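Novice: Fold the following for me, if possible:
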Amino acid sequence: ARGAKAPFVRWLQTLPGHPTLDAARAAIAASLAWGPLMRKRISPLTAESLPWWMHLFGVMIGASVDAAAHTPESFCGYANETLIREASLGTVAYTALTGRAGDPDALFAFQMLIGLLLSNGPGTITAQGAKGAVSSDGPESPERVQLNKAMLGFLTHCGYAHGGNGYEGIAFLIDRFEETGLADPGDRDHGIDLAALAKTYAAAYRDYKAEKKEAGNASFQKIPGVNHPVFKDKPVNTDPREAYVRELAEKRGEYNVFHAFYHAVVQALFETGVSRNVYCVNVDALLSALLLKLLWAPFRAGEIGRDRLETAAFTIFLYARMLGCAAEADDHMNRGRDMDTRTPASKCAFVS
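Specialist: The predicted model follows:
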């Protein structure tokens, strides 16, 4: 129905009797893997694991929504026929996350969020969980490795500090904008003086910080999404990931008032003397701004509350790391050693 070229599926149809679910899944996976396998981009082990990864991804996305979204005839409002014949994985995951269908701009932003969250390097905590599970089974005898256990390892290594940062940024933005009457975060003519809003907050934060110091309390609430331990010490600091997305949005003619506000905040912090230089807007701020833009309309309409926003911020992190940690687990099955989760620096690479 989609016009896909799947030679193994066609071959399966020539066999006598009705094919099993496992046979259909194997034929689809073999059609996907054949080209990379023949070009030696992946190993036979990776190709053989693909049907199980596909199964795990489907189950995990399904498990991320309330039971009411599952019926015998549909998932998240998609009829089974539509789900199989028309919907993309991106549209299904977006609907599962937000409870609504996405327009092209929303789906592009969602795809960008997934890409940004896939991984933050070979030492990322989520990957440690997945690779630890592979190492404990023994990648030197990869047929013993249980992929579902690797996914459990990734889930146990997600938490409030690693994976939950998005909600803090969303809560920060809601506190600033909830009373402004903002209708559409993508409308440049929103009528809100962002510089004034940012200066009011910066002045209040300066006073709060001074009170804490005067009371002898060195512990105070940090501003989520602002500053970074790596991108610092310049007159104007930049997180290159945030800058890339900002430039991409400008080229596409897109606008996000929450993203723009974050830049007004770092400027106001400098002008009010809170910071000696202009802090960077970091990638956590970007993620919060992008996700809140997607969910602002249902939030304003009362269709979702802050608790749903918190869940969405965490779930989108899980969607992305589900994919990234599958790659980490597969890499370790192919190149790892028993009871050793390290990746030699000489073997590390990146894709941009």
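
Novice: what about the helices in the stretch 201-350 of the chain?
Specialist: 240-251, 257-271, 283-300, 306-335 (DSSP state H, counting those that start in this stretch).

Novice: what helices or strands is the second one leaning on?
Specialist: Applying 3 or more Cβ pairs under 8 Å, 6 or more residues apart in numbering; DSSP states H and E, we find helix 257-271 packed against helix 165-177, helix 194-214, helix 283-300. Backbone N, C-alpha and C define where each C-beta goes, glycine included.

Novice: Sketch out the strands for the stretch 1-150 of the chain, chain order is fine.
Specialist: 74-75, 78-79 (DSSP state E, counting those that start in this stretch).

Novice: so what's G216 scoring on pLDDT?
Specialist: Listed pLDDT for G216 reads 77.

Novice: Can you tell me the closest non-neighbouring residue to V265?
Specialist: Leaving aside its chain neighbours, V265 sits nearest to A198 (4.6 Å; criterion: Cβ to Cβ, 6 or more residues apart in numbering).

Novice: before we move on, the earlier item: mind checking which of the strands of the stretch 1-150 of the chain is nearest A109?
Specialist: Comparing these against A109 with Cβ to Cβ, the closest turns out to be strand 78-79 (20.3 Å).

Novice: Centre of the chain to that closest one, how far?
Specialist: 24 Å (Cα atoms, centre = their mean, to the nearest Å).

Novice: before we move on, back to that, minimum distance to F258: which of the helices and strands packed on helix 257-271 has it?
Specialist: Minimum separation from F258 across those (Cβ to Cβ) falls at helix 283-300, 3.8 Å.

Novice: could the strands of the stretch 1-150 of the chain go into CSV alongside distance to A268 and mean neighbour count?
Specialist: Converted to CSV, the strands of the stretch 1-150 of the chain look like this (distance: least, Cβ to Cβ, whole Å; neighbours: other Cβ atoms under 10 Å):
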stretch, distance to A268, mean neighbour count
strand 74-75, 45, 17
strand 78-79, 44, 16
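
Novice: related to what we said a few turns ago, hmm, the residue nearest to V265 is touching T272, no?
Specialist: No: checked against Cβ atoms under 8 Å, the pair A198 and T272 is beyond contact range at 9.5 Å.

Novice: any weak-confidence spans in the stretch 251-352 of the chain?
Specialist: For the stretch 251-352 of the chain, the stretches with pLDDT under 70 are 343-344, 350-352.

Novice: Going by how many neighbours each has, rank A198 and T272 and give me the top one.
Specialist: Between A198 and T272, A198 has the larger neighbour count (other Cβ atoms under 10 Å), namely 23 against 18.

Novice: residues contacting that one?
Specialist: Listed by Cβ atoms under 8 Å, 6 or more residues apart in numbering, the contact set of A198 reads F261, A264, V265, Q267, A268.

Novice: related to what we said a few turns ago, in JSON lines: the strands of the stretch 1-150 of the chain, plus distance to L117 and mean pLDDT.
Specialist: Below are the strands of the stretch 1-150 of the chain laid out as JSON lines (distance: least, Cβ to Cβ, whole Å; pLDDT from 0 to 100):
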{"stretch": "strand 74-75", "distance to L117": "23", "mean pLDDT": "94"}
{"stretch": "strand 78-79", "distance to L117": "24", "mean pLDDT": "92"}
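
Novice: I'd like a version of those strands in a markdown table, one that adds distance to G164 as further columns.
Specialist: Shown next, in a markdown table, are the strands of the stretch 1-150 of the chain (distance: least, Cβ to Cβ, whole Å):
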| stretch | distance to G164 |
| --- | --- |
| strand 74-75 | 26 |
| strand 78-79 | 29 |
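
Novice: right, so of these, which gets closest to G58?
Specialist: Closest of the strands of the stretch 1-150 of the chain to G58 is strand 74-75, at 9.9 Å (criterion: Cβ to Cβ).

Novice: Which residues does the closest one contact?
Specialist: The contact list for strand 74-75 (Cβ under 8 Å, 6+ apart) reads G62, A69, N80, L83, V92.
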